[in-house]
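Q: Pasting a predicted model and its sequence here:
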Amino acid sequence: MMGRRWLGLGAFVLALLSGAPARGQAPHPADRWEFAVEAGYLAKVKNNSPHDYRIVPLQVAWRSPSMTDLWRSDAGGRLTLRNRVAVVGEAIVRGPEDHYFAVSGAPVFELWSPDRRTAGFFEIGGGVGFINATGVAGGQGQDLAFNWYTQGGLRRQLRDDFALTAALYFTHHSNLGMTDPNPGIDVLGVNLGAVWSFR
């Protein structure tokens, strides 16, 4: 009688385990929607303005699941293409302006290792926003300002649904010649992020 109970319990446990998804069958990180918070520190790299700009960007970003694989290896490596949209807030800690608020968008290229834990990434895109132009010589000539950015770096999955990123980040602000002079801002630095995935 006791042996039958153990056999029944064993069969029940095996049925539960067989119905549970295996870890290797979890969705690939590139195939999930993502929410990210990113922050960095950027310094002036071009002499288009006499001001020595220092900018601290904070971004809230969303990434789509991969739209396509540009390359895939037999071992499981992938080069994916996905989309990114971000709300950008920048504290201008050195310069005649104080802040910049914008939206931006870009394609994201990710080269994933076969183990799904590490990826190199590259983004290039832009958007539009508003800066508090002050009318100071060498500063921005109007509040409406466009942005172009690029960043490239590494991503490491700490869990299936959480990752950290570190990137070299460049951004340019300009009003497209709507004012004369149009000095623009060019800054380069580091950008760090925390990424949460969801279905």
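A: Nice, I can see it.
Q: where do the strands sit along this protein?
A: Assigned by DSSP state E, the strands in the chain fall at 33-44, 54-63, 68-72, 78-94, 99-112, 118-131, 144-159, 162-174, 185-198.
Q: Who are the packing partners of the fifth one?
A: It refers to strand 99-112. For strand 99-112, the contact count by 3 or more CB pairs under 8 Å, 6 or more residues apart in numbering; DSSP states H and E identifies strand 78-94, strand 118-131, strand 144-159 as packing neighbours. For the C-beta atoms, the positions are set from N, CA and C on the backbone; glycine is no exception.
Q: Strand partners (parallel or antiparallel) of the longest one?
A: Read that as strand 78-94. Strands that pair with strand 78-94, judged by DSSP bridges, come out as strand 54-63 (antiparallel), strand 68-72 (antiparallel), strand 99-112 (antiparallel).
Q: dump the residue contacts of residue 160.
A: Counting by CB atoms under 8 Å, 6 or more residues apart in numbering, residue 160 makes contact with 26-27, 29, 197.
Q: redo that, cut-off 7 Å
A: residue 26 (CB atoms under 7 Å, 6 or more residues apart in numbering).
Q: Out of the strands of the chain, which is closest to residue 138?
A: strand 185-198 (10.5 Å; CB to CB).
Q: picking up where we left off before, let's have the strands of the chain in JSON lines, adding mean pLDDT, mean neighbour count and distance to residue 138.
A: Listed next are the strands of the chain as JSON lines, based on pLDDT from 0 to 100; neighbours: other CB atoms under 10 Å; distance: least, CB to CB, whole Å:
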{"stretch": "strand 33-44", "mean pLDDT": "98", "mean neighbour count": "17", "distance to residue 138": "11"}
{"stretch": "strand 54-63", "mean pLDDT": "98", "mean neighbour count": "18", "distance to residue 138": "15"}
{"stretch": "strand 68-72", "mean pLDDT": "97", "mean neighbour count": "11", "distance to residue 138": "42"}
{"stretch": "strand 78-94", "mean pLDDT": "98", "mean neighbour count": "18", "distance to residue 138": "13"}
{"stretch": "strand 99-112", "mean pLDDT": "98", "mean neighbour count": "18", "distance to residue 138": "16"}
{"stretch": "strand 118-131", "mean pLDDT": "98", "mean neighbour count": "18", "distance to residue 138": "14"}
{"stretch": "strand 144-159", "mean pLDDT": "97", "mean neighbour count": "17", "distance to residue 138": "15"}
{"stretch": "strand 162-174", "mean pLDDT": "97", "mean neighbour count": "19", "distance to residue 138": "13"}
{"stretch": "strand 185-198", "mean pLDDT": "97", "mean neighbour count": "18", "distance to residue 138": "10"}
